[in-house]
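Engineer: mind looking at a prediction? Sequence and model below.
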Amino acid sequence: MTFKLKRGLWLWAGALVLILLSVIPASTWVRLMVILAVACSLAFIWRSYGQKSELNHPSLVLADHGVLPPSAYRQPVVLVCGDALTGLFGDIASDELALRVTEQGCYVRVCGATQLPIVADSLLSMRPQWGGQLSVMYVVNPGEHTDGGALAGQIQAFCHQLLLLRKRGIVLSLFVVSYLQAAQGEGPWFSWQAGQDSPSVHEANAIAGMAEWQREADDYATVVARFNTSVQLKSAAHWLTETVLAHFTSGDARYPLIMVQTIAVTCVPVLVQKVEHCLWQQWLQGKTTLVGSQQPKEVAGIRLPFPDPLLHLIPTRIQYSAVQQAGVIAAWLLAAAMLVALANSAWQNTLLARQVTDDLRRYTSIIAPERREQPEFVLREDAVSVLRQDALRLDNYYRHGEPVSLGLGLYRGERLRAPLLAVIASHRQPAMAAVPVNAPRAVRLDSLSLFSTGSAQLKPDSTKVLINALTDIKAQPGWLIVIAGHTDDTGNVEHNLQLSRARAAAVRDWMQRMGDIPDACFAVQGFGASQPIASNDNESGRAMNRRVDIRLVPEVGACELSTAKPGRQNLSRHAAIND
């Protein structure tokens with residue numbers, strides 16, 4: 001996948017996070033922090049991929065003005081490492097990408113084991129669609145080595161590079177190839193796959209077993225030649241198992257198990273780089289005490305055959321294009337975001353249903369007056385004020401549509417609205433006892449004369465206004481002084497609810513200080529914007545809705561005055577102070 005597509009995927013992921021942030025309830029500070037974190041992360045990723053794109057820009061030079069096959073090429077692409085590279089590709093400079101394309105596949109020369117990750121990354125950068133058809137052919141010719149320890153080190157270095165590729169997510173199929181010098185000249189390809197004891201013979205586009213191949217000989221000379229080949233192959237298989245494959249399956253902690261898909265051997269008349277006293281001669285002499293034959297005279301321009309008949313054994317998989325891969329990843333990210341949004345909607349609906357049902361249960365389960373610590377009126381008014389807030393919220397959702405955090409087909413508030421409204425409609429104020437004839441009516445004051453905007457602290461010059469408004473109210477047994485705060489609908493609902501109660505409490509505290517009235521005489525309530533007396537669509541209506549209502553309500557056992565000082569109870573009975 002190109003760095004440009006990776007950048008696009010990260011931008012898509014960041015956009016989904018921001019969309020989820022607008023859906024999931026969170027405080028303003030949390031939203032700002034998340035937005036800042038997403039922006040910084042995207043900026044860092046954008047810059048990081050830009051630097052990687054410059055560092056990993058393909059720099060391989062094709063020899064002989066060669067051209068890579070097109071992106072739609074679907075034959076196996078084999079990276080060739082190890083021995084016999086000159087015999088396979090010719091004498092080409094090591095800094096150039098040697099390429100050979102046959103009818104069955106494409107072969108790419110890798111000069112050294114350390115170049116394997118570089119060549120693989122460069123090819124996948126230029127041809128991302130080749131990820132499913134890329135494999136490695138490691139050539140080991142016993143006739144080109146004299147030191148077994150040096151060969152073991154080369155194999156281990158090759159294994160290390162394969163593991164580095166695996167850590168990067170590039171898993172390549174591996175098959176080991178060996179060329180043997182034989183007097184009978186070039187022969188077919190022989191292959192062993194995992195768990196196979198006898199080799200398969202690949203000749204003339206046909207595959208046969210070893211025994212069947214030997215029986216097909218037409219004359220005595222061919223029978224002898226094939227018998228000699230089978231003996232030589234058996235010896236080569238033992239040498240490869242003991243000397244080469246042992247390093248791939250050793251189980252060393254540094255070099256975990258690497259699966260060899262196929263082992264292939266073929267006979268050739270001449271090995272271009274064969275040396276005297278090679279490992280193959282040493283091994284044969286150790287097993288048979290016989291001295292091997294001398295190297296035949298070199299033939300100019302000899303080329304070793306590529307294992308084309310074996311390429312069908314290499315497992316390949318269909319690789320989606322980079323755009324298709326990016327589209328699949330983007331679809332999965334979208335699905336994950338939708339799942340998170342649905343889970344959030346389900347949870348928020350559960351919380352809403354739990355809140356409303358708990359508020360209903362609280363209102364209907366108020367216990368008898370003799371078992372309560374607070375008067376019945378206070379408890380019921382507090383409970384019904386909460387129900388009115390719930391009803392206002394659900395009615396707003398009904399009129400204007402529920403928010404996305406509660407939507408997505410999971411909204412459950414509508415089924416709760418009808419029973420909630422029925423309970424509120426059935427609520428009745430307690431029967432009023434006979435009110436003294438001289439009891440004054442409610443007084444309503446401008447809140448700006450008492451409080452600053454957004455504040456619940458009385459202004460220093462509000463004392464005169466309160467004294468003029470609250471004269472002639474007398475606290476007396478059996479009557480509650482109910483102080484209820486109200487606001488307009490501007491701002492946050494929860495903040496308005498807290499502010500209205502805090503302002504009512506501030507008026508209560510002032511009355512206690514001035515009249516030395518016990519706590520049992522007061523009931524403080526905060527209604528927020530749930531009980532407007534005018535329209536909130538204009539400033540004059542909002543000013544009327546900002547108020548604090550003070551009234552006397554009969555309640556058995558309320559306002560015991562035995563501890564109150566006489567002469568300090570001359571306070572107003574009904575007052576309404578703008579919020």
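Structural biologist: Done, it's in. Residues are numbered from 1 along each chain as shown.
Engineer: C-alpha from now on. contacts and neighbour counts both.
Structural biologist: Noted.
Engineer: for the closest residue to Gly209 other than its chain neighbours, give the beta-bridge partners.
Structural biologist: Ranked by C-alpha to C-alpha, 6 or more residues apart in numbering and with sequence neighbours excluded, the top spatial neighbour of Gly209 is Ser200, at 4.9 Å. The partner list for Ser200 in beta bridges (DSSP bridges) reads Ser191, Gly209.
Engineer: ok, now which ones touch Ser200?
Structural biologist: Ser200 is in contact with 190-192, 207-210, counting by C-alpha atoms under 8 Å, 6 or more residues apart in numbering.
Engineer: of those residues, closest to Val77?
Structural biologist: Nearest to Val77 among the contacts of Ser200 is Ser191, at 19.1 Å by C-alpha to C-alpha.
Engineer: pretty sure that closest one contacts Ile263?
Structural biologist: Yes: the pair Ser191 / Ile263 is scored as a contact, 5.4 Å apart, by C-alpha atoms under 8 Å.
Engineer: circling back: tabulate the contacts of Ser200 (TSV), appending distance to Ala335, neighbour count and pLDDT.
Structural biologist: Formatted as TSV, the contacts of Ser200 follow (distance: C-alpha to C-alpha, whole Å; neighbours: other C-alpha atoms under 10 Å; pLDDT from 0 to 100):
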residue	distance to Ala335	neighbour count	pLDDT
Phe190	50	26	92
Ser191	46	21	90
Trp192	45	19	87
Ile207	48	15	87
Ala208	51	14	87
Gly209	52	13	87
Met210	54	15	85
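Engineer: closest to Glu414 out of these?
Structural biologist: Scanning the contacts of Ser200 for proximity to Glu414, where the rule is C-alpha to C-alpha, the winner is Trp192, at 71.2 Å.
Engineer: wait, the closest one touches Val201, no?
Structural biologist: No: counting by C-alpha under 8 Å, Trp192 sits too far from Val201 to count as a contact (9.4 Å).
Engineer: burial check on Pro419, number of neighbours?
Structural biologist: For Pro419, the count of nearby residues is 14 (other C-alpha atoms under 10 Å).
Engineer: so what pLDDT did Ser135 get?
Structural biologist: What the model reports for Ser135 is a pLDDT of 91.
Engineer: helix or strand next in line after the helix or strand harbouring it, which one?
Structural biologist: Ser135 is part of strand 134-139 when elements are defined by DSSP states H and E. Scanning forward in sequence from strand 134-139 by DSSP H and E, the next helix or strand is helix 148-167.
Engineer: what is that following helix packed up against?
Structural biologist: helix 116-126, helix 246-248 (3 or more C-alpha pairs under 8 Å, 6 or more residues apart in numbering; DSSP states H and E).
Engineer: which one is Ala520 nearest to, not counting chain neighbours?
Structural biologist: Cys559 (4.8 Å).
Engineer: quick one, what contacts Leu164?
Structural biologist: Neighbours of Leu164 in contact, by C-alpha under 8 Å, 6+ apart: Pro117.
Engineer: now do Tyr363
Structural biologist: By C-alpha under 8 Å, 6+ apart, the neighbours of Tyr363 are 380, 383-384.
Engineer: for those residues, which one is nearest Trp29?
Structural biologist: Ala383 (31.6 Å).
Engineer: low-confidence stretches in the stretch 151-300 of the chain?
Structural biologist: 184-185, 194-195, 249-257, 288-300 (pLDDT under 70).
Engineer: where do the helices of it begin and end?
Structural biologist: Using DSSP state H, counting those that start in this stretch, the helices of the stretch 151-300 of the chain run over 210-215, 220-239, 246-248, 279-288.
Engineer: again, but for the stretch 451-579 of the chain
Structural biologist: 463-470, 493-515, 539-545.
Engineer: who wins for proximity to Arg388 among those helices?
Structural biologist: helix 493-515 (11.8 Å).
Engineer: what's that closest one packed up against?
Structural biologist: Short answer (3+ C-alpha pairs under 8 Å, 6+ apart): helix 493-515 packs on strand 479-486, strand 522-526, strand 547-554.
Engineer: tilt between the second one and helix 493-515?
Structural biologist: Interaxial angle, strand 522-526 versus helix 493-515 (axes from the mean of the first three to the mean of the last three C-alpha atoms, to 10 degrees): 160 degrees.
Engineer: strand 522-526 pairs with which strands?
Structural biologist: Strand pairing (DSSP bridges) places strand 522-526 next to strand 479-486 (parallel).
Engineer: what's the burial count for the closest residue to Arg215 other than its chain neighbours?
Structural biologist: Once flanking residues are discounted, Arg215 sits nearest to Val223: 7.9 Å by C-alpha to C-alpha, 6+ apart. Neighbourhood size, Val223 [other C-alpha under 10 Å]: 16.
Engineer: mind checking how far Val223 is from Ser230?
Structural biologist: Distance, Val223 to Ser230, by C-alpha to C-alpha, to the nearest Å: 11 Å.
Engineer: point out the most buried one among the helices and strands packed on helix 148-167.
Structural biologist: Comparing the helices and strands packed on helix 148-167 by mean neighbour count (mean count of other C-alpha atoms under 10 Å), helix 116-126 ranks first with a mean of 19.
Engineer: packing partners for that helix?
Structural biologist: helix 148-167.
Engineer: swap in 10 Å and give it another go.
Structural biologist: Under the contact definition 3 or more C-alpha pairs under 10 Å, 6 or more residues apart in numbering; DSSP states H and E, helix 116-126 sits against strand 77-82, strand 106-109, strand 134-139, helix 148-167.
Engineer: out of those, nearest to Leu68?
Structural biologist: strand 106-109 (9.1 Å).
Engineer: buried residues in the closest one, which are they?
Structural biologist: With burial defined by 16 or more other C-alpha atoms under 10 Å, the residues of strand 106-109 counted as buried are 106-109.
Engineer: for stretch 69-86, the distance to its chain's centre please.
Structural biologist: Stretch 69-86 sits 36 Å away from the centroid of its parent chain (C-alpha atoms, centre = their mean, to the nearest Å).
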